[in-house]
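> model the following, please.
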Amino acid sequence: MLFRSHFHQNLCIKNNYKPNYDFFTNIKNNLNLPINSCAMKKLSSCSLVTPTYNWPEALELLLLSIKNQTVYPDEVIVADDGSREDTRQLIEQFQKDFPIPLVHIWHEDVKNRKPKIMNKAIAKSKYDYIIEIDGDIIMNKNFIKDHLTFAEKGHYLYGSRVNIKEGILPKVFREKILNFNILSKGIKKRGRTIRIPFLMNFSKSVEKRSSKLRGCNMSFWKEDFIKINGFNESLVGWGIDDSEMIERLHNLGIKGKRLKFAGIAYHIYHKEQSKSHLEINNNIEKETVEKKLTHIEKGINQYL
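Alright, predicted model coming up:
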């Protein structure tokens with residue numbers, strides 16, 4: 001018992017470690033030792049924001065995975081880029097017994113306007129920290145907990161995703177499967193199912209945008225987002241909106257940190273969207289990089 005307490009205390013003090021009880025529970029199970037704890041970090045209040053467009057089947061699994069979280073966000077905002085009536089009906093059904101406020105923000109369908117609807121949604125958010133996921137994501141039950149545990153000022157977080165293959169989707173939707181592991185059938189990048197948040201204690205900050213950045217799994221401080229004026233609404237069609245925004249955060253001096261073995265997310269397969277406007281968007285992002293832009297003209301300031 002003395003060894004266990006001494007080890008735990010020194011680990012916490014030396015590394016400023018935010019303890020993960022799953023890790024220490026494994027130690028207890030293997031060594032038959034009691035669990036003690038050092039002071040836990042107080043988790044920030046957060047808004048979970050997700051874009052959606054005409055795929056209520058995927059959105060349903062996302063909302064079910066939110067209800068399955070070990071730590072809830074303080075609110076969930078669905079940023080709806082003009083979906084049909086069936087999406088509204090689904091959200092209204094969930095609102096009846098959802099454990100936290102579930103907000104639906106919708107605008108008219110005028111092709112892909114994700115940056116605009118995301119700016120509108122984040123402008124309406126009530127909390128300091130924003131967790132952004134795509135509407136085709138199923139979250140591991142500790143997803144919100146992991147993002148909040150490792151949130152720190154002057155940083156944003158970005159995670160990866162496990163891919164759910166097309167062939168297994170009928171079963172996933174029919175049985176409303178929310179839980180996957182390294183041995184699950186029908187997934188790719190299965191190593192990313194492993195959760196060992198203790199290892200995040202050794203994660204380093206990055207000063208440049210990573211090629212591994214995925215907008216489907218990231219989080220940031222709302223005040224930083226407002227400083228750069230949010231998503232760039234000059235971007236059109238699919239692609240670049242998340243990476244261009246993150247580039248401006250780096251230009252502002254905000255650093256990134258990758259969530260590895262934590263913040264696990266499962267991405268539901270779908271066909272790729274049209275990339276007809278990608279060249280235009282790439283040129284906008286190139287200008288952001290070369291001129292080290294931090295602020296854009298057409299952004300969240302329109303809705304604050």
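
> quick one: secondary structure of Gly239?
Classification of Gly239 using DSSP: H, G, I helix; E, B strand; the rest coil returns coil.

> please name the residues that touch the nearest residue to Glu233 once chain neighbours are set aside.
When the adjacent residues along the chain are set aside, Glu233 lies closest to Lys298, with 4.4 Å between them (CB to CB, 6 or more residues apart in numbering). In short, each C-beta sits where N, CA and C put it, glycine included. When contacts are counted by CB atoms under 8 Å, 6 or more residues apart in numbering, Lys298 touches Asn232, Glu233, Ser234.

> what about those residues, which one has the most neighbours?
Within the contacts of Lys298, Asn232 tops the neighbour count with 24 neighbours, counted by other CB atoms under 10 Å.

> got the contact list for the residue lying closest to that residue once chain neighbours are set aside?
Spatial nearest neighbour of Asn232, chain neighbours left out: Ile296 (4.6 Å); criterion: CB to CB, 6+ apart. Neighbouring residues of Ile296 by CB under 8 Å, 6+ apart: Ile228, Asn229, Asn232, Ser234, Arg248.

> check what pLDDT the third one gets.
What the model reports as pLDDT for Asn232 is 97.

> my read is that it contacts Asn301, right?
No. Checked against CB atoms under 8 Å, the pair Asn232 and Asn301 is beyond contact range at 12.0 Å.

> what do the two both touch?
Taking CB under 8 Å, 6+ apart as the contact rule, Asn232 and Asn301 touch no residue in common.

> and the gap between the residue nearest to Asn232 and Lys116?
Counting by CB to CB, to the nearest Å, the gap between Ile296 and Lys116 amounts to 13 Å.

> Pro51 now?
Relative to Lys116, Pro51 is positioned 10 Å away (CB to CB).

> mutual contacts of the two, please.
The contact lists of Pro51 and Lys116 share no entry, where a contact means CB under 8 Å, 6+ apart.

> tell me which of the contacts of Lys298 is nearest to Leu199?
The shortest separation between Leu199 and any of the contacts of Lys298 is 34.1 Å, and it belongs to Asn232 (by CB to CB).

> so that closest one: helix, strand or coil?
Under three-state DSSP, Asn232 falls in the coil class.

> how far away is the residue nearest to Asn232 from Gly230?
Separation of Ile296 from Gly230 (CB to CB): 8 Å.

> one more: Phe220?
The spacing between Phe220 and Gly230, counted by CB to CB, is 11 Å.

> likewise for Ser65?
Taken as CB to CB, the spacing of Ser65 relative to Gly230 amounts to 26 Å.

> among those two, which residue is more densely surrounded?
A count of neighbours by other CB under 10 Å puts Gly230 above the other of Ser65 and Gly230, at 27 against 22.

> residues in contact with the more buried one?
Per CB under 8 Å, 6+ apart, neighbours of Gly230: Pro115, Met118, Asn119, Ile122, Ala123, Met245, Gly299, Ile300, Asn301.

> ok, these vs Leu178, which is closest?
Sorting those by distance to Leu178 puts Met118 at the head of the list, at 24.8 Å, by CB to CB.
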